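1. Task: produce atomic coordinates for the following.
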Amino acid sequence: MRSLVTALVLLTPFLTVTPAAAQSIARPNSWTLTPFLHGSLAVGDPAPENSFGLGFAVGYDWTSNLGFEGELSHLFDVAGDSADVDWSVTTFSGNAIYHFDARHVTPYATLGLGFEHSGHSLNDLADLPDLSATEITVNFGGGVKYPLNDRWTARGDLRRFVASDIAPDHWRLYGGLTYNLGR
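-> The predicted model follows:
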């Protein structure tokens with residue numbers, strides 16, 4: 001009997017150990033800052049071209065899976081190489097982010113609501129309608145986060161932006177570096 005009790009005491013730690021589960025890299029109750037570069041893809045009618053842009057996001061990870069972020073981004077010129085038209089697109093949105101538990105990288109899905117301002121500047125000689133507008137926009141998509149060290153994370157994202165009327169709909173592909181500001 002004594003041998004059985006000794007064996008059970010020695011084996012108990014091994015019988016109750018479970019393999020480490022994959023975890024999201026989001027830290028509960030922490031703030032993040034993400035500057036990013038982005039480009040538009042498949043800009044919708046009536047904008048003829050894709051554009052390069054800049055942006056930044058401020059986020060709060062409520063739990064290890066659920067976070068929120070506000071972001072501001074700007075596409076420089078979706079009119080392309082036209083000398084008569086400059087057409088910028090600026091978006092401001094609030095987004096919910098769901099981080100999935102995975103090893104090595106953290107995939108995430110996002111859904112947001114905001115405003116898109118389409119600024120249409122015409123040369124005095126251009127005989128085109130002014131398509132400037134500020135509209136409600138919905139965005140959805142996803143991406144991955146990869147930890148570089150304790151504070152920095154590389155991030156890639158693809159989202160679809162759908163505006164309510166004249167402002168162009170588009171896909172946005174971005175890459176950024178997230179800095180964890182802590183609590």
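2. And what about the residue most central in space within the chain, helix, strand or coil?
-> Closest residue to the average C-alpha location of the chain: Asp157 at 5.3 Å, with Cα atoms, centre = their mean. Classification of Asp157 by DSSP: H, G, I helix; E, B strand; the rest coil places it in strand.
3. Residues in a beta bridge with it, which ones?
-> With DSSP bridges as the criterion, Asp157 is bridged to Gly143, Tyr174.
4. now swap in Thr137 and tell me
-> Taking DSSP bridges as the rule, Thr137 bridges to Gly114, Ala163.
5. ok so, going back, give me the distance between the residue nearest to the centre of the chain and Gly141.
-> Asp157 sits 6 Å away from Gly141, going by Cβ to Cβ, to the nearest Å. Bear in mind the C-beta positions are built from the backbone N, C-alpha and C, glycine included.
6. Overlap of the contact sets of these two?
-> Common neighbours of Asp157 and Gly141 are listed as Thr110, Arg172 (criterion: Cβ atoms under 8 Å, 6 or more residues apart in numbering).
7. how about the helices of the chain, start to end?
-> 2-16 (DSSP state H).
8. rewinding a little: which residues does the residue nearest to the centre of the chain contact?
-> Shown in contact with Asp157 (Cβ under 8 Å, 6+ apart): Phe36, Thr110, Gly141, Gly142, Gly143, Arg172, Leu173, Tyr174, Gly175, Gly176.
9. from memory the second one sits against Arg159, does it?
-> The reference is to Thr110. Yes: with contact defined as Cβ atoms under 8 Å, Thr110 counts as touching Arg159 (6.7 Å).
10. Between those two, which contacts overlap?
-> Residues touching both Thr110 and Arg159 (Cβ under 8 Å, 6+ apart): Asn139, Phe140, Gly141, Gly142.
11. Of these, which is the most crowded?
-> Asn139 (22 neighbours; other Cβ atoms under 10 Å).
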